[in-house]
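> Here is a sequence together with a model predicted from it:
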Amino acid sequence: MTSLYAHAGGDEALHRLEEILYTKVLEDPLLGQLFTERRATHVDHLTWFTAESFGGPDRFTREVGFDHVIRVHRHLDITDEQRERFVELYMESLDEAGLPGDEPFREAVREHLEFGSRVAQQNSRAATDGELHPLRDVPMWTWKGGDEMD
Ligand code: HEM
């Protein structure tokens, strides 16, 4: 079965996607409150995370580590509106980056995002370690598509 990573177009396509998303996020009035400055590592780290989650190389786990994702979201106190806007901008970015538009792919990306953004939100609101989401590894995302020969 083709991985989501391969179907998306690999690192190059995912990097293009995350770059577009990050530019949108920085310019957005609601999200700009959280993302206050452009960080050099952001697009690369988000690319590596997504690549790994979609069945590509495990570079995020090897070079960054899942604890980092918990740390960066901690105490951001992400609101429902901000979480939803993040998902909306991400879905828009898929089109602008020219990623595949087929339904199984889009559905898998949306599920990954809904899950990931809820984990980030929970961790952003955790007052104690006990309130953190139990996820401690990059989640491996599967999908219903990918049987085609490509
Ligand atoms: C699938 C969902 C998400 C994933 C995979 C994700 C992943 C990441 C990663 C890997 C970083 C570290 C970047 C670095 O090291 O430079 C990061 C930072 C950050 N994330 Fe998320 N995130 C998600 C959802 C969200 C949501 C929903 C929000 C808020 C609405 C958010 C807000 C932030 C902020 C404010 C930072 C740190 C500030 C910055 O780098 O400018 N994230 N995220």
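On my side now, so go ahead.

> Closest residue of this protein to the ligand?
Gly116 (2.3 Å; CB to the nearest ligand atom). Heads up, the C-betas are built off the backbone N, CA and C, glycines and all.

> Quick check: nearest residue in space to that residue, chain neighbours excluded?
Pro139 (7.5 Å; CB to CB, 6 or more residues apart in numbering).

> Quick check: the one you found touching Arg118?
No. Judged on CB atoms under 8 Å, Pro139 makes no contact with Arg118 at a distance of 11.7 Å.

> Without its sequence neighbours, what residue ends up closest to Val119?
Going by CB to CB, 6+ apart, Val119 has His133 as its nearest residue, at 4.5 Å.

> This structure: helices as residue ranges?
4-8, 10-27, 42-53, 59-63, 66-73, 80-96, 103-125 (DSSP state H).

> Ok, which of those helices comes nearest Phe35?
Proximity to Phe35 (CB to CB) singles out helix 10-27 among the helices of the chain, at 5.3 Å.

> Make sure Leu31 is actually in contact with Arg83.
No. Using CB under 8 Å, Leu31 is not in contact with Arg83; the gap is 9.9 Å.

> Low-confidence regions, the chain specifically.
147-150 (pLDDT under 70).

> for the ligand, what are the nearby residues on this structure?
31, 34-35, 39, 41-42, 45-46, 49, 69, 72-73, 76, 78, 82-83, 86, 113, 116-117, 120 (CB under 6 Å from any ligand atom).

> No further queries at this time; thank you.
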